[in-house]
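> Need a 3D model of the following:
(one chain, ligands or ions: 1)
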Amino acid sequence: MNAVTRVMSKFRLAVVQLQVSSDKANNLSKVRRLVKEAAGQGGKVVLLPVRRSECFLSFFSKYAEKIPGETTQMLSEVAKENKLHLVGGSIPEEDGGKLYNTCAVFGPEGELILKHRKIHLFDIDVPGKIRFQESETLSPGNSLSTFDTPFCRVGVGICYDMRFAELAQLYNRKGCQLLVYPGAFNMTTGPAHWELLQRARALDNQTYVATASPARDEAASYVAWGHSTVLYVLTLHVCGPTPDLQYLADVRQQIPISSQRRDDLYAVTAVQQGSG
Ligand SMILES: NC(=O)CCC(=O)C(=O)O
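Predicted coordinates for the structure are as follows:
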């Protein structure tokens, strides 16, 4: 049975935007409180933002953890306590002497469903504005990451991954109805592209898209744009935090681009599915 045929038409998605600091214990206790609050309001899938360390490469090795490790153990407990799917933002992961930017996803029994390692590293140079070279510190992941909930199939990316239309297209081909991107755009690219990219991914793929950012902290050396987006969707409207899978199915039927693709003329294919 695939995700499309077994949907419960609506569910509540919660996106947590919190002020993230370098105080790990404080971040984790805020997460615990906010996920409980989201569950109390009917949240069945909860999306957390990237940790601040995503933005501070020098902190990456300092805060890196194994998975499972302290943070993911706590996220697993929180998912289990609240009986929901938890998309655990992203944390610095150390594995085999390499560092990754990794999003761990947990199910309602606290089980680790997957870990998505950021595939596209944020290496940009906008003169006078922002230069960032994640590849000097991090290694890229090599796998696509999707998971099933009782509501829909979900595709996972982290931050810069959202710029790559091909990834979202492949998730669409794999049956995803919701794409989630924990992220922390900056004050240069955020205003210009953060929302536009979400709309583009949603429109091209006729999927829901959700993003979670740390709250803006003007005192930080990397100021995140913030603007976690509850959901942008589809062709005609921006919706609230309740994805309506029936609406999505209707739009896909009304404007049936997935069956109208010219697979005889072009293709987007995954070349390999490595580990990590
Ligand atoms: N850390 C990131 O991936 C930031 C991505 C970003 O800001 C962008 O403009 O893309």
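> low-scoring stretches of the stretch 151-276 of the chain, by residue?
228-242, 273-276 (pLDDT under 70).
> quick one, strands of it?
153-156, 178-182, 208-212, 229-233, 237-238 (DSSP state E, counting those that start in this stretch).
> give me the low-pLDDT residue ranges for the stretch 1-150 of the chain?
In the stretch 1-150 of the chain (pLDDT under 70), the answer is 1-8, 52-60.
> For the ligand, what is the nearest residue in it?
Phe122 (3.6 Å; C-beta to the nearest ligand atom). Backbone N, C-alpha and C define where each C-beta goes, glycine included.
> quick one, what contacts that residue?
Phe132, Glu134, Cys159, Tyr160 (C-beta atoms under 8 Å, 6 or more residues apart in numbering).
> Just name whatever secondary elements the host helix or strand of the first one is in contact with.
Secondary structure from DSSP states H and E places Phe132 in strand 130-133. Other elements packing on strand 130-133 under the criterion 3 or more C-beta pairs under 8 Å, 6 or more residues apart in numbering; DSSP states H and E are strand 123-126.
> Who does the strand it packs on pair with, and is each partner parallel or antiparallel?
strand 130-133 (antiparallel) (DSSP bridges).
> can you give me the helices for this protein?
24-40, 57-63, 70-82, 165-173, 189, 195-205, 245-254, 257-260 (DSSP state H).
> For those helices, please prepare TSV with the additional fields mean neighbour count.
Shown next, in TSV, are the helices of the chain (neighbours: other C-beta atoms under 10 Å):
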stretch	mean neighbour count
helix 24-40	16
helix 57-63	15
helix 70-82	19
helix 165-173	19
helix 189	19
helix 195-205	19
helix 245-254	15
helix 257-260	10
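> Next, format these as a markdown table and append distance to the ligand.
Shown next, in a markdown table, are the helices of the chain (distance: least, C-beta to the nearest ligand atom, whole Å):
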| stretch | distance to the ligand |
| --- | --- |
| helix 24-40 | 18 |
| helix 57-63 | 10 |
| helix 70-82 | 18 |
| helix 165-173 | 13 |
| helix 189 | 3 |
| helix 195-205 | 8 |
| helix 245-254 | 26 |
| helix 257-260 | 26 |
